[in-house]
Each structure stands twice: as structure tokens, then as C-alpha cells.
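Novice: Fold the following.
(one chain, ligands or ions: 1)
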Amino acid sequence: MSERFRDTGERLWMLAREILVVCPRCGGRAVVVVHPDHRDCDHGPHDKVMAPHRLSCPGCGHTDAWTPRRARKGDGDLFFAGGPPLAVPRMTGPEDPFFGLPLWLRHRCRGRILWAYNAAHLDLLEGYVSARLRERHPYTGSGSLVEHLPAWIKAAGNRDEVLAAIRALRTRL
Ligand SMILES: [Zn+2]
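Specialist: Reported below is the predicted structural model:
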């Protein structure tokens, strides 16, 4: 933990390489990753987010597969790959964007849910919330992850409670 936090412009999709979720079969900790057979998926948000994903649970052996589906009315962002438009998974929380499963790292805080995809995401949140001085990234374009954080996480008055929630989540790792 440091006094100063420097925004490196990290986006949520960059942290989504490994998403910890609650296993739908046993309730243990499962993980969602880009399918291991998939190549060339790290060039940008769409290559990454639209790649096939796999769910696997080390506890019970459950696996599941996800591939992009055709867009429906009311879907947000669309992805065009030559055929009919595909729905871009929404990178939000507190569910995973692919299977819609509850995230493993979620904790009630200030009447809301603090959530993270993985340990690196928790590190980023903790560094940001605990810092006394926050330096903006000069070229964030559409906005970095921390710029999109909700106001209740950024509020100085909530700092201690948010940090306590982050510590509670670390015990689940
Ligand atoms: Zn399981």
C-alpha cells in the first residue's frame, strides 16, 4: 500500500483474463478464462472479450463453454465479424460477463456490493482507495477502470469501510 496511486490506464477487460466465480454445481471457486485452444486474443478489447471462454472448477471438475451469441433487441454493444451482429458481453459486476455467474469476490459494503474479478483487480482497487494522492493517466481516452469506479468507492468518507471489504475479500483468495 502506498501514499500515491498512479493510474496506468488499466481497463476492466484487461483484468478479465481470469475471472473467479461461484461454481454453479458445487458452490466452490471456479474460474473463467479464454479457452486454452484459442490464439491471438490479446490485441484489443474485442479480440479478448469475443474469444471463446471456458469455465472450470478444480473442486468438482465441472466445466462449461461460452461462445458469442447473436445480438438480440436491447443488447448494448454489438460486434460485427462478417455475419449477423454478435452481442458484446457487458463487463460489469457483480456477475461474470460470460456465464452470468456470481463473482467469487463480492462483499456487501455501504449497502452496495464491492466486487472484483481476481487478485490483481483487488490490488488495483486497494491501491487506489488507500492512496492519499491519485494521479490521473494522461491518455485514458474512454476512461480507465478507476475513472469508471462508482462514487461511493471513491469517496474519502468510505475509505475505511471499502478497505475492510477488500481485506475480507482477500481471505477468499
Ligand atoms: Zn464445482
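
Novice: Wait, E18 touches A116, no?
Specialist: No - taking contacts as Cβ atoms under 8 Å, E18 lies outside contact range of A116: 11.4 Å. No exception for glycine: its C-beta is placed from N, CA and C like everyone else's.

Novice: Those two: which has the busier surroundings?
Specialist: A116 (27 against 14; other Cβ atoms under 10 Å).

Novice: ok so E147 is a helix residue?
Specialist: Yes - counting by DSSP: H, G, I helix; E, B strand; the rest coil, E147 is located in a helix.

Novice: The ion versus that one, what's the distance?
Specialist: E147 sits 35 Å away from the ion when distances are taken as Cβ to the ion, to the nearest Å.

Novice: Likewise for H46?
Specialist: For H46, the distance to the ion - Cβ to the ion - is 30 Å.

Novice: List the contacts of that residue.
Specialist: For H46, the contact set (Cβ atoms under 8 Å, 6 or more residues apart in numbering) comprises 79, 88.

Novice: if you set the cut-off to 10 Å instead, what comes out?
Specialist: When the contact criterion is Cβ atoms under 10 Å, 6 or more residues apart in numbering, the partners of H46 are 13, 77, 79-81, 86, 88.

Novice: before we move on, what about R112?
Specialist: Residues in contact with R112, defined by Cβ under 10 Å, 6+ apart, are 94, 150, 152-153, 158, 165.

Novice: Quick one: distance of the worst-scoring helix or strand of the chain on mean pLDDT to the chain centre.
Specialist: Least confident helix or strand of the chain, by mean pLDDT, DSSP states H and E, is helix 45-49 with a mean of 76. Helix 45-49 has its C-alpha centroid displaced from the chain centroid by 13 Å (Cα atoms, centre = their mean, to the nearest Å).

Novice: So which other helices or strands are in contact with the helix or strand just after that helix?
Specialist: Downstream of helix 45-49, the next assigned helix or strand under DSSP states H and E is strand 53-56. On a contact count with 3 or more Cβ pairs under 10 Å, 6 or more residues apart in numbering; DSSP states H and E, strand 53-56 meets strand 18-22, strand 29-34, strand 63-66.

Novice: Good, we can wrap up now.
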